[in-house]
Structure formats: structure tokens, C-alpha cells
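Visitor: Could you look at this predicted model? Sequence included:
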2 protein chains.
Amino acid sequence: MTNIFASLPAELDSEVFSELLRDKNIRIERIVSKGHTSPASGWYDQEDNEWLLVLEGAGTILFADGRQVTLNKGDFLYIPAHEKHKVAWTDPDRLTIWLAVHYSDSYGGNHA
Amino acid sequence: MTNIFASLPAELDSEVFSELLRDKNIRIERIVSKGHTSPASGWYDQEDNEWLLVLEGAGTILFADGRQVTLNKGDFLYIPAHEKHKVAWTDPDRLTIWLAVHYSDSYGGNHA
């Protein structure tokens, strides 16, 4: 894949993750959702910082402190490592395409 | 700015760079061009690796070895540190919006 809007999945039983870059301290992925949310119980508690951008569609991130942030096309959000969150909603009527940049010092590079 | 398509410059005498995130080993910026290119002589010779994505418009990257890569909406490109390159062309008739993720171990964090 060399275009982030290409190779969109035809079937979406679950969210589809595609890794676009992985290097020593960074990982960039595309996530495609359509009405998917995180499981009702539990939170993402990530080792890595995340910078999240919505390229198409819309989704809502819920934080453990009750804060909700709805992201529409072009909106971006920084989620520090270990800030517990989940995906509370994504648009059920169209694809939502997320760009997620995860970064830390823990990745082994394999982009080359 | 919390939306990458917002606050687009009205005047574009030169390319406009907006930093979206800066942390210890990463810097994410939006670049807005309209017909701008790099100076005719000289190359970008960057300390950092770069992951580049075109969100709107189109542009051509020229490498010192003669290779040219034209990026349209959604196309992305990895440019390793010290791979000499320049912007050879951007669409003169509409805005080109680039997302550039620069990463290394050399940044001081100030996103918080």
C-alpha cells in the first residue's frame, strides 16, 4: 500500500489495522472502522504515546475520567501513554479512516 | 489548531509550516503549498527520518539520484535521514496539504 485511501476493506466484521511504518521508536498505522467500538468493559492502557487523526468519517474517544472527544474529518488528538481510553462510537453509515502515530523508545525498526 | 484542514492560510507567499506535535523524538507538522518548490540549487539533507503524506493536492519530490516521486491525495512516502531531496513541483492551481512526521532521538518534548 502506498496510498492511505487505497485497499480499503470490502468487509468489516471488525476494525482493520494496516501498519504503514515501523521503526525504532515509532509505528504508523491506518485503522478502518464502520460502527465498531471497543469492547464494553476494559480500557486501552498503552505503553506508547499516540497521535490520532481522522482522515474520513467520525469517531468518539471516551477517556476513563469521563471525558468524551468526537473527532470529525481532519480532527486530531494526542493521547499520552497510559491515559486510559476506548472508542465509544464510530459512524455506522460510512467508513472511518484513522491515522495513528504511536511513538516510544521500544520499537525495533523494520521499515528498511 | 485541532483540525488539520482548518486555519488554512489566505495568502501563500511561501510555504506555511504549522507544528502539530513535538516530543522527545518526534515532530509532526502540516505544510501548505501552492505552486511552491524548493530553491533551484541545493538539497534538503535532514538529520531526521521523515514520513510524508499528501492530504490534499499534489506534489513531486526529486531525489539527488534523479528519482522523482509524484504524490497525489493519500500517497505517502518514507524519506530516510540524509537522503537528499527537494520539492520539484506542487500544484499551482490549488492548495497542497502535507502531513510530515519527522522522527529521531534529538527532539526536546514540549507538547504537554
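Guide: It's in.
Visitor: who's the nearest residue to A:F63 once chain neighbours are set aside bridged to?
Guide: Nearest residue to A:F63 in three dimensions, chain neighbours excluded: A:H85, at 5.0 Å (Cβ to Cβ, 6 or more residues apart in numbering or on different chains). C-beta: built from backbone N, CA, C; applies to glycine. With DSSP bridges applied, A:H85 shows beta-bridge pairing to A:Y44, A:F63.
Visitor: right, and A:H85 touches A:I79 too?
Guide: Yes: look at A:H85 against A:I79 with Cβ atoms under 8 Å: they come within range, at 5.9 Å.
Visitor: anything in contact with each of those two?
Guide: Listed as contacting both A:H85 and A:I79 by Cβ atoms under 8 Å, 6 or more residues apart in numbering or on different chains are A:I61.
Visitor: List the contacts of A:T37.
Guide: By Cβ under 8 Å, 6+ apart, the contact set of A:T37 is A:86-90.
Visitor: Now for the residues you listed, which sits with the most neighbours around it?
Guide: A:T90 (23 neighbours; other Cβ atoms under 10 Å in any protein chain shown).
Visitor: isn't that residue right up against A:E56?
Guide: No: look at A:T90 against A:E56 with Cβ under 8 Å: they stay out of range, at 11.0 Å.
Visitor: Find residues that contact each of these two.
Guide: Shared contacts of A:T90 and A:E56, defined by Cβ under 8 Å, 6+ apart, are found at A:T96.
Visitor: all helices for chain A, in order.
Guide: Counting by DSSP state H, one finds no helices in chain A.
Visitor: For it, list the residues in contact with chain B, please.
Guide: Neighbours of chain B within chain A, by Cβ under 8 Å from any Cβ of the partner chain: A:2-6, A:20-21, A:23, A:25-26, A:28, A:49, A:51, A:53, A:55, A:72-78, A:80, A:99, A:101, A:103, A:105, A:111-112.
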